[in-house]
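Participant: Return atomic coordinates for the entry below.
(one chain, ligands or ions: 2)
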Amino acid sequence: MNWEETLIKALIWFGVPIFLLLLAALGLWFGLLRKMLKKAEADFKKNSEEQISFVKYFRENKAKLVSSKYSFKDVGGIPEILESLKEINDFLTDPEKYKEIGARIPKGVLIYGDSGTGKTLLAKAIAGEAGVKVFSISGSAFTEMLVGVGSSRTNDLFEMGRKNAPCIIFIDEFDALGSKRSPVAFMGEREYQQTVDQFLAEMDGFENNSGVIIIAATNRPDALDEAAKRRGRFDRQIKVPRPDKAGREEILRIHFRKVKHDPKFDFEKAAALTPGLVGADLESFANEAAIIAARKGKKQVEMVDFEEAEDKAMAGLGRNRKISPKEKRLLAHHEAGHTIVAKKSGAPANFHKVTIIAHGEASGLTSLYPEDESGHLSKEEFLKLIAALLGGYAEELIAFNDMTNGACNDIEKTTLLVREMVCAWGMSEEIGPVNYSKSNNLLPMESLAEKSVVCSEATLQKIDNEVNKIVFSAFEKAKQILIENSAATDELAKRLIEKETVFNEEVDAILKDYPPQTEKKS
Ligand code: ADP
Ligand code: ZN
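Facilitator: Ligands and ions are numbered 1, 2, ... in the order given. Here you go, the predicted structure:
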């Protein structure tokens, strides 16, 4: 055998199997590759289908059309609000009446108030009363959607409304849409602003008297875009307060309609147990009480079950939501202070009632402050108003010889008001009719910092002195009134602790029954 033959043989012996092995590996590899490709393709297809159905889902399901089974009978504790909503009811049921006379029916109603106070319930009740359907959508779903689908969303919603008129378009969490700041982090400021603008433009383009009323609800009216509140948009603004004791009793009665309960069940006591709580809390208490009673094998809910439910639920809610007895006493004196000073000084007011259940920013005094801020008040009237504003703070000092941060809002309001009196309205002799406030919203300090108002150090000092003088004299006046009328103030506080709300007539009666103790000085 020569060496060539040996080489060929060796090649055949080793080379062929190696070649075959290589071939097999290649085939396997291709097979795998194909499988992978197929899978990727399928994934891709699935993904894009999902993408489409995602968009479709939003387009079709985010605004739900429902007919409402609720009526005003299902809403408790806010009779004044129901009264004011009857008007809206009329707009929906009899728009012709308004059209004929040439009246412009408001397009939008903004309902605001703490969470759980029944804003959504109110919207449903309005629809139910009028027998019209509601499109519900949340502001956040709305904005979220706009990222994927563009502004056609807004269009669709209004279009749907038009087709189904008369109806209500209800937008929950409206602050997510109408807010000053972008709610969706990945949405650019510009895109967001476009959404809001588009929405408002649609609203403007919306015919008046079209039979569609847009109801928006928010917990944070302060976060809303000013543009949303402009005339022709959300003309009607309704604040839903937390319920007072009588209100809570009514709400409890509503939720106990469905729950079998002891005929002797003490609703008044149940309401007294729950100061500060809202309708949603009370509803869950009623349900919890029913569960507890059922678990004990009872046929009906008794007071003890409610007390147990309240205990249990409060643990979950966090105690601080409920007003403690100590806090109640403090609030009662604070509000009594405002009221007595306002009444005795004759502050310009639309006084209707005083309540210790927080109405948000300024509890009892909201009804004191003149509704139309552009309305003209005299300097004398402003001074009385400022005394009343400081009445809460003054009474805290007198009754408890201490103070809380509860008066923070009053102090802020007072300061702003007095600064305006001095710097913009020429109500201080020292300063005279010179404007040191760039606009109604700018304080002299800020203006100075912006170097937009020319004002010397000396003038600044004078302004300071004048502001202090007015504030302190109003404070002294408030104290004087409260000391003279301490019997009436104490009595009013006592009744506020008991009932939480006291109406005007009763305040007058108290003032009559408890006349001033000392002769008026000065
Ligand atoms: P909001 O929209 O203000 O957060 P909701 O309307 O969603 O509050 O309230 C939640 C639930 O609480 C309602 O469905 C209702 O059962 C109950 N509720 C709230 N407020 C009231 C009320 N004033 N009267 C009766 N039930 C109420
Ligand atoms: Zn106050």
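
Participant: So for Arg495, what's the pLDDT?
Facilitator: pLDDT for Arg495: 96.

Participant: List the contacts of whichever residue of the stretch 101-250 of the chain sits closest to ligand 1.
Facilitator: Closest approach between the stretch 101-250 of the chain and ligand 1, counting by CB to the nearest ligand atom: Gly118, at 2.6 Å. Every residue, glycine included, has its C-beta placed from N, CA and C. Listed by CB atoms under 8 Å, 6 or more residues apart in numbering, the contact set of Gly118 reads Val75, Ile78, Val240, Val278, Gly279, Ala280.

Participant: Then Gly77?
Facilitator: If you count contacts by CB under 8 Å, 6+ apart, Gly77 has them with Pro243, Asp244, Ala246, Gly247, Arg248, Glu249, Glu250, Ile251, Gly279.

Participant: how about stretch 340-358: buried residues?
Facilitator: With burial defined by 16 or more other CB atoms under 10 Å, the residues of stretch 340-358 counted as buried are 340-345, 347-349, 351, 353-358.

Participant: just for the stretch 201-350 of the chain, where's the confidence low?
Facilitator: In the predicted model, the stretch 201-350 of the chain carries pLDDT under 70 at residues 208-209, 317-320.

Participant: And the strands in it?
Facilitator: With DSSP state E, counting those that start in this stretch as the criterion, the stretch 201-350 of the chain has strands at 212-218, 236-239.

Participant: now for the last one, which elements pack on it?
Facilitator: Secondary structure elements in contact with strand 236-239, counted by 3 or more CB pairs under 8 Å, 6 or more residues apart in numbering; DSSP states H and E, are helix 79-93, strand 108-112.

Participant: So which of those is nearest ligand 1?
Facilitator: Closest approach to ligand 1 among those is made by strand 108-112 (7.9 Å; CB to the nearest ligand atom).

Participant: which other helices and strands contact the very next helix or strand once past the closest one?
Facilitator: Once the chain leaves strand 108-112, the next helix or strand it forms, by DSSP states H and E, is helix 119-130. Helix 119-130 makes packing contacts with helix 79-93, strand 108-112, strand 133-138, strand 167-172, strand 212-218 when contacts are defined by 3+ CB pairs under 8 Å, 6+ apart.

Participant: which strands and helices sit next to the helix or strand just after the first one?
Facilitator: In other words, helix 79-93. Following the chain from helix 79-93 toward its C-terminal end, the next helix or strand by DSSP H and E is helix 95-101. In terms of contacts (3+ CB pairs under 8 Å, 6+ apart), helix 95-101 is not packed against any helix or strand.

Participant: Which residue, neighbours along the chain excluded, lies closest to the most centrally placed residue in the chain?
Facilitator: With distances taken as CA atoms, centre = their mean, Asn219 lies nearest the centre of the chain, 2.0 Å away. Take Asn219 and drop its neighbours on the chain: the residue closest to it by CB to CB, 6 or more residues apart in numbering is Ser115, 5.0 Å away.

Participant: The one you found: neighbour count?
Facilitator: Taking other CB atoms under 10 Å as the criterion, the count of residues near Ser115 is 13.

Participant: is ligand 2 contacted by the helix or strand hosting Glu420?
Facilitator: Assigned by DSSP H and E, Glu420 falls within helix 408-423. Yes. Where contact is defined by CB under 5 Å from the ion, part of helix 408-423 touches ligand 2, namely Asp410.

Participant: picking that back up, the helices and strands packed on strand 236-239: which one's closest to ligand 2?
Facilitator: For these, the distance to ligand 2 is smallest for strand 108-112, at 20.2 Å, taking CB to the ion.

Participant: got the contact list for the closest one?
Facilitator: In contact with strand 108-112 (CB under 8 Å, 6+ apart) are residues 88, 119, 122-123, 174, 203, 213-221, 224, 228-229, 233-240.

Participant: Same check on stretch 4-18?
Facilitator: Outside stretch 4-18, not one residue touches it by CB under 8 Å, 6+ apart.

Participant: quick one: average pLDDT of it?
Facilitator: For stretch 4-18, mean pLDDT is 78.

Participant: Could you pull out the helices in the stretch 401-522 of the chain for me?
Facilitator: In chain order, the stretch 401-522 of the chain shows helices spanning 408-423, 444-449, 457-484, 486-499, 504-513, with DSSP state H, counting those that start in this stretch as the criterion.

Participant: how far off helix 457-484 does the first one point, in degrees?
Facilitator: For helix 408-423 against helix 457-484, the angle between stretch directions is 130 degrees (axes from the mean of the first three to the mean of the last three CA atoms, to 10 degrees).

Participant: okay, helix 408-423 in PDB with CA atoms only?
Facilitator: Output in PDB follows, covering the C-alpha atoms of helix 408-423 (Å, rounded to 0.1, in the frame of the first residue of the first chain):
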ATOM      1  CA  CYS A 408     -54.500  79.100  60.200                       C
ATOM      2  CA  ASN A 409     -56.900  79.700  57.300                       C
ATOM      3  CA  ASP A 410     -58.600  82.500  59.100                       C
ATOM      4  CA  ILE A 411     -55.300  84.200  59.700                       C
ATOM      5  CA  GLU A 412     -54.300  83.900  56.100                       C
ATOM      6  CA  LYS A 413     -57.600  85.300  54.900                       C
ATOM      7  CA  THR A 414     -57.400  88.100  57.300                       C
ATOM      8  CA  THR A 415     -53.900  89.100  56.300                       C
ATOM      9  CA  LEU A 416     -54.600  89.000  52.600                       C
ATOM     10  CA  LEU A 417     -57.800  91.000  53.000                       C
ATOM     11  CA  VAL A 418     -56.100  93.700  55.200                       C
ATOM     12  CA  ARG A 419     -53.200  94.000  52.800                       C
ATOM     13  CA  GLU A 420     -55.600  94.600  50.000                       C
ATOM     14  CA  MET A 421     -57.400  97.200  52.000                       C
ATOM     15  CA  VAL A 422     -54.100  99.000  52.600                       C
ATOM     16  CA  CYS A 423     -52.300  98.400  49.300                       C
END
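
Participant: Report the buried residues of it.
Facilitator: Taking 16+ other CB under 10 Å as the basis for neighbour counts, the residues of helix 408-423 that come out buried are Asn409, Asp410, Lys413, Thr414, Leu417, Val418, Arg419, Glu420, Met421, Val422, Cys423.

Participant: Likewise for the longest one?
Facilitator: Burial within helix 457-484, assessed by neighbour count using 16+ other CB under 10 Å, is assigned to 459, 462-463, 466-467, 470-471, 474-475, 477-482, 484.

Participant: Which pair of the residues you listed spans the longest distance?
Facilitator: Of all pairs drawn from the buried residues of helix 457-484, the one with the largest separation by CB to CB is Thr459 and Glu484; the distance is 37.6 Å.

Participant: wait, what's in contact with the residue in the stretch 1-150 of the chain that ligand 2 sits nearest to?
Facilitator: Using CB to the ion, the single residue of the stretch 1-150 of the chain nearest to ligand 2 is Asp114, 18.0 Å away. Under the criterion of CB under 8 Å, 6+ apart, the contact list for Asp114 reads Asn219, Val240, Arg242, Val278, Gly360.

Participant: what does stretch 468-486 rub up against?
Facilitator: Counting by CB under 8 Å, 6+ apart, residues outside stretch 468-486 touching it are 337, 340-341, 344-345, 383, 386-391, 393-395, 397-398, 414-415, 418, 421-422, 428, 489, 511, 514, 516-518, 520-521.
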